[in-house]
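1. Quick one, what's the 3D model for this:
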Amino acid sequence: MPVAALSIDLFDTLVDVHMDRLPSVEIAGRRAPSTYGLLHAASVQWHGLEFERFAAELGAVDRELRQAYYAEHRELPTLERFLAFGRRVGAPHSEMAEALTRTHMGAIREQVTYLGHHADVLARLRGRVRLAVCSNFSHGETARDVLDRAGLLAHFHEVVISDEIGIRKPRAEIFTAVLERLGLSAQQVIHVGDNLAADIAGAAAVGMRTAWLTRRVAEPSRALGEYEGRAPDHVISDLAELEALLD
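-> The predicted model follows:
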């Protein structure tokens with residue numbers, strides 16, 4: 001069956017994100033890249049906590065919520081994360097949660113880099129098939145802003161972000177949402193992504209064809225050898241290679 005559409009992952013596929021470039025912060029005796037320092041400065045006027053207590057309380061919220069949500073591959077919206085933190089520390093202010101969301105997402109946006117040729121690649125692909133974004137991300141507005149800043153948003157017919165439907169890859173629902181919006185069957189769509197478990201296994205489970213992008217995978221051969229799911233239908237190192245898959 002001819003390919004009628006491409007479903008493409010966002011981070012480390014369409015754009016790159018370098019979380020290791022976040023400010024280095026010491027938390028519980030260990031230094032690591034984190035937004036916690038920025039978040040504390042943005043919210044201390046509401047809760048009045050010293051940084052160590054702030055980090056401990058936010059860390060506890062993060063662990064509890066991520067365990068509950070991610071175990072079922074549900075998305076944890078960033079705003080909900082910070083609302084829960086506010087309730088925990090007796091500062092249930094929507095203004096604080098919104099300020100924390102802006103700060104956190106602003107810091108992540110600054111770590112995103114763009115690949116200059118991707119806009120041209122997508123323009124050529126759009127002339128041949130329908131295009132959709134299918135991404136795990138906890139803030140849909142920021143995901144769209146990243147796409148827009150990269151000059152990529154206008155090339156897509158559909159954008160599906162886990163924050164907006166509540167479900168994360170590899171669950172079937174996020175892939176079926178893409179198919180429903182495109183109005184196509186799974187066999188007509190290739191899903192493209194860098195994560196074997198989330199992108200390749202998830203898309204294959206609903207019957208989509210798959211293309212694994214290895215550009216930012218440190219050791220592709222080793223990763224594939226350790227992967228227990230269905231092998232990707234295609235392995236590519238650059239999105240420009242997608243054009244040949246349509247022939």
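
2. Which residue ranges of the protein form helices?
-> Residue ranges of the helices in the chain, as given by DSSP state H, are 36-47, 51-70, 78-88, 94-109, 118-126, 140-149, 162-165, 172-182, 202-205, 220-226, 242-245.

3. just checking, which of those helices sits deepest inside the structure?
-> helix 202-205 (a mean of 23; mean count of other Cβ atoms under 10 Å). Every residue, glycine included, has its C-beta placed from N, CA and C.

4. Need the mean per-residue confidence for that one.
-> Mean pLDDT, helix 202-205: 98.

5. so how far is that helix off the chain centroid?
-> The chain centre lies 17 Å from the centre of helix 202-205; the measure is Cα atoms, centre = their mean, to the nearest Å.

6. what does stretch 189-205 give?
-> Remark: stretch 189-205 is offset 13 Å from the chain centroid, using Cα atoms, centre = their mean.

7. do the same with stretch 56-74
-> That offset, for stretch 56-74, works out to 17 Å (Cα atoms, centre = their mean).

8. do the same with stretch 128-138
-> Centroid displacement of stretch 128-138 relative to its chain, using Cα atoms, centre = their mean, is 11 Å.

9. what comes up buried for it?
-> 129-138 (16 or more other Cβ atoms under 10 Å).

10. These: which two are farthest apart?
-> Taking Cβ to Cβ, the two most distant members of the buried residues of stretch 128-138 are 129 and 138; they sit 28.6 Å apart.

11. Any chance of CSV for the helices of the chain, columns distance to residue 12?
-> Listed next are those as CSV, based on distance: least, Cβ to Cβ, whole Å:
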stretch, distance to residue 12
helix 36-47, 23
helix 51-70, 18
helix 78-88, 19
helix 94-109, 13
helix 118-126, 12
helix 140-149, 12
helix 162-165, 15
helix 172-182, 17
helix 202-205, 16
helix 220-226, 13
helix 242-245, 16
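
12. Among those, which comes closest to residue 3?
-> Using Cβ to Cβ, the nearest of those to residue 3 is helix 242-245, at 6.9 Å.

13. Let me know the average pLDDT across the closest one.
-> On average, helix 242-245 scores 97.

14. quick revisit: specify which member of the buried residues of stretch 128-138 is nearest to residue 31.
-> The closest of these, once distances to residue 31 are taken by Cβ to Cβ, is residue 138, at 24.3 Å.

15. tell me the contacts of residue 232?
-> 196, 200, 204, 210-212 (Cβ atoms under 8 Å, 6 or more residues apart in numbering).

16. now stretch 99-106, how far from the centre of its chain.
-> 16 Å.

17. again with stretch 152-169
-> For stretch 152-169 - counting by Cα atoms, centre = their mean - the centre lies 9 Å from the chain centre.

18. in that stretch, what counts as buried?
-> Buried-residue list, stretch 152-169, by 16+ other Cβ under 10 Å: 152-153, 155-156, 158-165, 167-169.

19. That stretch: end-to-end distance?
-> The first residue of stretch 152-169 is 22 Å away from its last residue (Cα to Cα, to the nearest Å).

20. now do stretch 194-211
-> Per Cα to Cα, the first residue of stretch 194-211 is 9 Å away from its last.
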